[in-house]
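Novice: below is the sequence, then the predicted model.
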Amino acid sequence: MKLSTKARYAVTAMFDLAHNSKDGSPVSISQISARQGITIDYLEQILNKLRRAELVESVRGPAGGYLLAKKPQKIKIGDIVRATEGPIALVDCITDKSLCGKSGCCSTRGLWNKLSRKVSDLLDSTTLKDICEEL
(Lines give C-alpha, C1' and ligand atoms only; values in the text may rest on other atoms or scores of the structure.)
Protein backbone atom coordinates (compact mmCIF):
# COMPACT_ATOMS: atom_id res chain seq x y z
CA MET A 1 0.00 0.00 0.00
CA LYS A 2 1.30 3.43 -0.91
CA LEU A 3 0.04 6.87 -0.10
CA SER A 4 -0.20 8.97 -3.25
CA THR A 5 2.26 11.74 -4.00
CA LYS A 6 -0.61 14.23 -3.81
CA ALA A 7 -1.47 13.22 -0.23
CA ARG A 8 2.17 13.22 0.86
CA TYR A 9 2.80 16.62 -0.71
CA ALA A 10 -0.37 17.98 0.89
CA VAL A 11 0.88 16.99 4.33
CA THR A 12 4.30 18.44 3.48
CA ALA A 13 2.77 21.75 2.31
CA MET A 14 0.64 21.96 5.46
CA PHE A 15 3.75 21.33 7.56
CA ASP A 16 5.53 24.13 5.69
CA LEU A 17 2.66 26.53 6.38
CA ALA A 18 2.56 25.60 10.06
CA HIS A 19 6.32 25.95 10.38
CA ASN A 20 6.76 29.15 8.38
CA SER A 21 3.70 31.29 9.12
CA LYS A 22 4.10 31.56 12.86
CA ASP A 23 3.82 35.35 12.81
CA GLY A 24 0.46 35.12 11.04
CA SER A 25 1.64 36.34 7.65
CA PRO A 26 0.82 34.37 4.51
CA VAL A 27 3.41 32.10 2.92
CA SER A 28 3.82 32.41 -0.83
CA ILE A 29 3.39 29.38 -3.03
CA SER A 30 6.83 30.01 -4.56
CA GLN A 31 8.44 29.84 -1.10
CA ILE A 32 6.74 26.54 -0.32
CA SER A 33 7.68 25.22 -3.76
CA ALA A 34 11.35 26.14 -3.32
CA ARG A 35 11.63 24.75 0.20
CA GLN A 36 9.75 21.51 -0.45
CA GLY A 37 10.73 20.74 -4.05
CA ILE A 38 7.14 20.66 -5.32
CA THR A 39 6.34 22.31 -8.63
CA ILE A 40 4.19 25.42 -8.38
CA ASP A 41 1.54 23.98 -10.73
CA TYR A 42 1.15 20.81 -8.68
CA LEU A 43 1.21 22.76 -5.43
CA GLU A 44 -1.59 25.03 -6.72
CA GLN A 45 -3.77 21.98 -7.38
CA ILE A 46 -3.09 20.63 -3.89
CA LEU A 47 -3.64 23.96 -2.12
CA ASN A 48 -6.92 24.46 -3.99
CA LYS A 49 -8.18 21.13 -2.66
CA LEU A 50 -7.04 22.07 0.85
CA ARG A 51 -8.75 25.45 0.52
CA ARG A 52 -12.03 23.82 -0.56
CA ALA A 53 -11.74 21.54 2.49
CA GLU A 54 -11.31 24.70 4.62
CA LEU A 55 -7.87 23.65 5.84
CA VAL A 56 -6.05 26.64 4.31
CA GLU A 57 -7.00 30.19 3.39
CA SER A 58 -5.63 32.15 0.48
CA VAL A 59 -4.66 35.81 0.68
CA ARG A 60 -4.49 37.83 -2.53
CA GLY A 61 -2.11 40.62 -3.39
CA PRO A 62 1.62 41.28 -3.52
CA ALA A 63 2.15 40.04 0.04
CA GLY A 64 -0.37 37.24 -0.42
CA GLY A 65 -0.06 33.52 -0.09
CA TYR A 66 -1.56 30.84 2.08
CA LEU A 67 -2.32 30.46 5.78
CA LEU A 68 -3.64 27.60 7.85
CA ALA A 69 -7.39 28.00 8.37
CA LYS A 70 -7.12 26.47 11.87
CA LYS A 71 -4.46 26.06 14.51
CA PRO A 72 -2.10 23.12 13.83
CA GLN A 73 -3.46 21.19 16.84
CA LYS A 74 -6.94 21.30 15.26
CA ILE A 75 -5.86 19.90 11.87
CA LYS A 76 -5.83 16.11 11.65
CA ILE A 77 -3.58 14.41 9.14
CA GLY A 78 -6.59 12.29 8.17
CA ASP A 79 -8.44 15.44 7.10
CA ILE A 80 -5.52 16.46 4.88
CA VAL A 81 -5.38 13.01 3.26
CA ARG A 82 -9.16 12.91 2.73
CA ALA A 83 -9.10 16.41 1.18
CA THR A 84 -6.70 15.21 -1.49
CA GLU A 85 -7.63 11.52 -1.85
CA GLY A 86 -11.18 11.04 -0.63
CA PRO A 87 -12.07 8.28 1.84
CA ILE A 88 -9.25 6.32 3.44
CA ALA A 89 -9.75 2.75 2.27
CA LEU A 90 -7.26 0.10 1.25
CA VAL A 91 -9.61 -1.35 -1.34
CA ASP A 92 -12.40 0.31 -3.30
CA CYS A 93 -15.13 -2.05 -2.09
CA ILE A 94 -14.80 -0.66 1.45
CA THR A 95 -16.43 2.60 0.36
CA ASP A 96 -18.62 1.16 -2.41
CA LYS A 97 -19.67 -2.51 -2.35
CA SER A 98 -20.98 -2.30 -5.90
CA LEU A 99 -17.41 -2.05 -7.20
CA CYS A 100 -16.83 -5.73 -6.50
CA GLY A 101 -19.00 -8.63 -7.56
CA LYS A 102 -17.75 -10.66 -4.60
CA SER A 103 -18.54 -8.12 -1.88
CA GLY A 104 -21.48 -10.18 -0.61
CA CYS A 105 -19.40 -13.31 -0.13
CA CYS A 106 -15.86 -11.93 0.20
CA SER A 107 -13.81 -13.65 2.87
CA THR A 108 -11.25 -10.84 3.14
CA ARG A 109 -13.40 -7.68 3.03
CA GLY A 110 -13.67 -7.60 6.83
CA LEU A 111 -9.90 -7.68 7.16
CA TRP A 112 -9.40 -4.82 4.68
CA ASN A 113 -12.14 -2.85 6.41
CA LYS A 114 -10.48 -3.28 9.85
CA LEU A 115 -7.09 -2.32 8.47
CA SER A 116 -8.55 0.74 6.71
CA ARG A 117 -10.18 1.83 10.00
CA LYS A 118 -6.88 1.45 11.87
CA VAL A 119 -5.03 3.53 9.29
CA SER A 120 -7.81 6.13 9.43
CA ASP A 121 -7.76 6.15 13.25
CA LEU A 122 -3.99 6.70 13.30
CA LEU A 123 -4.21 9.56 10.79
CA ASP A 124 -7.11 11.10 12.73
CA SER A 125 -5.25 10.89 16.04
CA THR A 126 -2.20 12.66 14.61
CA THR A 127 -2.34 16.42 14.20
CA LEU A 128 -0.25 18.83 12.21
CA LYS A 129 1.12 20.09 15.53
CA ASP A 130 2.32 16.55 16.35
CA ILE A 131 4.29 16.44 13.11
CA CYS A 132 5.78 19.89 13.72
CA GLU A 133 6.93 18.79 17.17
CA GLU A 134 8.73 15.75 15.75
CA LEU A 135 11.48 17.95 14.27
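Specialist: Happy to help now that I have it. Residues are numbered from 1 along each chain as shown.
Novice: ranges for the strands of this structure?
Specialist: Along the chain, counting by DSSP state E, strands occupy 56-59, 65-68.
Novice: of these, flag the one that's most buried.
Specialist: Stretch with highest mean neighbour count among the strands of the chain: strand 65-68 (a mean of 20; mean count of other C-beta atoms under 10 Å). For every residue, glycine as well, the C-beta is placed using N, CA and C.
Novice: which elements pack onto it?
Specialist: Under the contact criterion of 3 or more C-beta pairs under 8 Å, 6 or more residues apart in numbering; DSSP states H and E, strand 65-68 touches helix 5-20, helix 29-36, strand 56-59.
Novice: mind putting those in CSV, distance to Ile77 included?
Specialist: As requested, the helices and strands packed on strand 65-68 are exported to CSV (distance: least, C-beta to C-beta, whole Å):
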stretch, distance to Ile77
helix 5-20, 6
helix 29-36, 16
strand 56-59, 14
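Novice: nearest to Cys105, of those?
Specialist: helix 5-20 (31.7 Å; C-beta to C-beta).
Novice: got a list of contacts for the worst-scoring helix or strand of the chain on mean pLDDT?
Specialist: Sorted by mean pLDDT, DSSP states H and E, the helices and strands of the chain end with helix 109-124, the least confident at a mean of 91. Here helix 109-124 makes contact (C-beta atoms under 8 Å, 6 or more residues apart in numbering) with 76-79, 81, 88-91, 93-94, 100, 103.
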